[in-house]
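>>> here is my input, please return the structure:
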Amino acid sequence: EDTPMPRIGDALRKWRDDAPAHAVIELVNSGVWVEPLHIRLRPGQTLTLRAANGVRPVIRLIDWQTDLPDALTVELDVGSRFALDGVIVTGRPLHASGPRDPALYADAAANAPNCAAELLIRHCTLVPGWGIDCDCEPERPAEPSLELHQLKARVRIEHSIVGSIQVQQDEVGSDPVPLSIEDSIVDAADGAYEAIGGAGSAVAHAVLTIKRSTIFGVVEAHALDLAENSLFNDCLNVARRQIGCMRFCHVPRHCRTPRRYRCQPDQVVTAVRALQ
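I've put the predicted structure just below:
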């Protein structure tokens, strides 16, 4: 229904009560929305939270309760899909996770032809460091802007600017998270921090696909399926080098990467050595 509501929480409450299979919540002005947001999708359910044409709304997350998470939390179940489109998120991260009861997820997944859920972030800004201070520096440079916690889903980031991405996944009992980044910027706010990594400075249990993007910060991942036409300002290290390839990219030398094709500065070094 096209029913205007004053708060996102009111729209989410109606969405939960009506429980439609597919729904869109549209933010119709460029205001600042300050409210706690917790979204839980049922199996097979889809929800899009998007900005209307010509507006750029801001979701500002603050400390509401000391004993509860203050992030924008999204819980994805079997076959569900959540899309965030055209929105700025500041103050806290976007936290995406699997269902609360993993046993129920496993039972449903065993009977589903395609159990993977999907998280889509498109035309968004997840402010690096949660915010910018008066000196144009990130307020919390060590904090991630996107947290993926025990998530059995495909994750796609398109035409967006995001801060660091942290993946917390069971490396023994689950497959790596497929993480695709296209036409985007991932900014860890400092080259010493991880742009993509795991909790506690571990390797992110994820398989990456990165196209036409720029990454500021170190990348530590399980594997890289493909990187093309992208700039890695700092080192990229993968645990499984035999998977995937890089082509037409810039990546610092002496990083642990899959095979590289026409990447820089490799070609420059080769050309200089040929002249010696």
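
>>> next up, the contacts around the most centrally placed residue in the chain.
Centroid-nearest residue in the chain, with Cα atoms, centre = their mean: residue 146, separated by 5.0 Å. Contacts for residue 146 were tallied using Cβ atoms under 8 Å, 6 or more residues apart in numbering; they are 93, 94, 96, 121, 126, 157, 162, 163, 164, 165, 166. (C-beta placed from N, C-alpha, C; glycine too.)

>>> return the subset of those lying in strands.
Secondary structure from DSSP state E places 94, 96, 121, 126, 157, 162, 165, 166 of the contacts of residue 146 in strands.

>>> which one of those residues is nearest residue 28?
Among the ones in strands among the contacts of residue 146, residue 121 lies closest to residue 28 (Cβ to Cβ), at 20.4 Å.

>>> that closest one and residue 157 touch, don't they?
Yes: look at residue 121 against residue 157 with Cβ atoms under 8 Å: they come within range, at 4.8 Å.

>>> if we can go back for a sec, highest neighbour count among the ones in strands among the contacts of residue 146?
Comparing those on neighbour count, residue 165 comes out first with 30 neighbours (neighbours: other Cβ atoms under 10 Å).

>>> returning to that earlier point: export the ones in strands among the contacts of residue 146 to CSV and append columns for distance to residue 250 and pLDDT.
Shown next, in CSV, are those (distance: Cβ to Cβ, whole Å; pLDDT from 0 to 100):
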residue, distance to residue 250, pLDDT
94, 28, 95
96, 30, 96
121, 24, 98
126, 24, 96
157, 20, 98
162, 20, 97
165, 20, 97
166, 24, 96
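
>>> residue ranges with poor pLDDT in the stretch 1-150 of the chain?
Applying pLDDT under 70 to the stretch 1-150 of the chain flags residues 1-2, 64-69, 101-115.

>>> same list (the ones in strands among the contacts of residue 146) but as JSON lines, adding distance to residue 55.
Output for the ones in strands among the contacts of residue 146, formatted as JSON lines (distance: Cβ to Cβ, whole Å):
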{"residue": "94", "distance to residue 55": "20"}
{"residue": "96", "distance to residue 55": "24"}
{"residue": "121", "distance to residue 55": "18"}
{"residue": "126", "distance to residue 55": "18"}
{"residue": "157", "distance to residue 55": "21"}
{"residue": "162", "distance to residue 55": "20"}
{"residue": "165", "distance to residue 55": "26"}
{"residue": "166", "distance to residue 55": "30"}
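
>>> buried set for the helix or strand harbouring residue 39?
For residue 39, the host element (DSSP states H and E) is strand 38-40. Within strand 38-40, the residues scored as buried using 16 or more other Cβ atoms under 10 Å are 39, 40.

>>> adjacent strands (with direction) for the helix or strand hosting residue 82?
In the assignment (DSSP H and E), residue 82 maps to strand 81-85. Strand partners for strand 81-85, identified by DSSP bridges, are recorded as strand 46-51 (parallel), strand 117-122 (parallel).

>>> each with direction, which strands does the strand or helix carrying residue 59 pair with?
For residue 59, the host element (DSSP H and E) is strand 58-60. The sheet places strand 58-60 alongside strand 32-33 (parallel), strand 88-90 (parallel), with pairing taken from DSSP bridges.

>>> could you dump those strands to TSV with mean neighbour count and distance to residue 48?
Formatted as TSV, the strands paired with strand 58-60 follow (neighbours: other Cβ atoms under 10 Å; distance: least, Cβ to Cβ, whole Å):
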stretch	mean neighbour count	distance to residue 48
strand 32-33	14	16
strand 88-90	22	15
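
>>> I'd like these as TSV, with distance to residue 11 appended.
Written out in TSV, the entries for the strands paired with strand 58-60 read as follows (distance: least, Cβ to Cβ, whole Å):
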stretch	distance to residue 11
strand 32-33	11
strand 88-90	17
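
>>> to residue 8, which of those lies closest?
strand 32-33 (5.5 Å).

>>> ok, back up a step: and the next helix or strand after the strand holding residue 59, how far from the chain's centre?
As assigned by DSSP H and E, the chain's next helix or strand after strand 58-60 is strand 72-75. Chain-centre distance of strand 72-75: 12 Å, with Cα atoms, centre = their mean, to the nearest Å.
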